[in-house]
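Participant: Fold the following, please.
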Amino acid sequence: PVPAPDWAAVESRLGTSLPGDYKRLVETFGCNGMFNGFFVVFHPGKLIWHTEYFAGDDIGYGGEHPPFPAPGGLIPWSNNEHEQTYFWITGGPGPDRWPVYAVDSLDEGSRFECTATEFLFRQMTDREHPFHIAAEGVRGHWFQEAGAAIES
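Facilitator: Numbers count the residues shown, from 1 in each chain. Have a look, this model is predicted:
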């Protein structure tokens, strides 16, 4: 079992609630590892660090979205070794409805109307997904912790 973070403290520090699917993902798998040896989901402390770091960026990503806490601002929740970063576009009807904003290594962004977990799942399984890593012959997916692989 992965110890649950103190979500109240995390959300208080950020100044916003976080999506429920992200919380369940962190509580199920933790953040000390990677999905398919490729995707890192930020630990809440790292999520706070990245959010505070990007808050000083006046440019935003692709000129479309400012960093959080600006209205419609971005909160980073994941990245990978290909210099792709995944954010939520905040605002609207609440965190469980925040879309994903994926930024590639050229700082070009794409909006996806789905949750973080759905985005990760589609990346790993859908060869038509614009940010896919679905490789030929891959018959399963895993979360790999320090020294161990957990099949899912």
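Participant: Just list what the longest strand along the chain packs against, helices and strands only.
Facilitator: Ranked by residue count and defined by DSSP state E, the top strand of the chain is strand 74-80. With contacts defined as 3 or more CB pairs under 8 Å, 6 or more residues apart in numbering; DSSP states H and E, the packing partners of strand 74-80 are strand 39-41, helix 44-54, strand 85-89, helix 116-125. Quick note: C-beta positions are derived from backbone N, CA and C, even for glycine.
Participant: Quick check: mean pLDDT of the third one?
Facilitator: Okay, so that is strand 85-89. For strand 85-89, the mean pLDDT works out to 92.
Participant: quick check: angle from that strand to strand 74-80?
Facilitator: Angle, strand 85-89 to strand 74-80, by axes from the mean of the first three to the mean of the last three CA atoms, to 10 degrees: 150 degrees.
Participant: Show me the strands paired with strand 85-89, marking each as parallel or antiparallel.
Facilitator: strand 74-80 (antiparallel), strand 100-103 (antiparallel) (DSSP bridges).
Participant: Check which residues of it are buried.
Facilitator: Neighbour-count burial for strand 85-89 flags Thr85, Tyr86, Phe87, Trp88, Ile89 (criterion: 16 or more other CB atoms under 10 Å).
Participant: So what sits opposite the last one in the bridge?
Facilitator: Per DSSP bridges, residues listed as beta-bridge partners of Ile89: Leu74.
Participant: tell me the contacts of it?
Facilitator: Residues in contact with Ile89, defined by CB atoms under 8 Å, 6 or more residues apart in numbering, are His65, Gly72, Gly73, Leu74, Trp98, Pro99, Val100, Tyr101, Arg111.
Participant: I'd guessed the third one sits against Pro67; true?
Facilitator: Yes - using CB atoms under 8 Å, Gly73 is in contact with Pro67, at 5.2 Å.
Participant: Closest to Ser17 out of the buried residues of strand 85-89?
Facilitator: Using CB to CB, Trp88 is the member of these that lies nearest Ser17, at 11.2 Å.
Participant: residues contacting Thr51?
Facilitator: Listed by CB under 8 Å, 6+ apart, the contact set of Thr51 reads Leu14, Pro67, Phe68, Ile75, Pro76.
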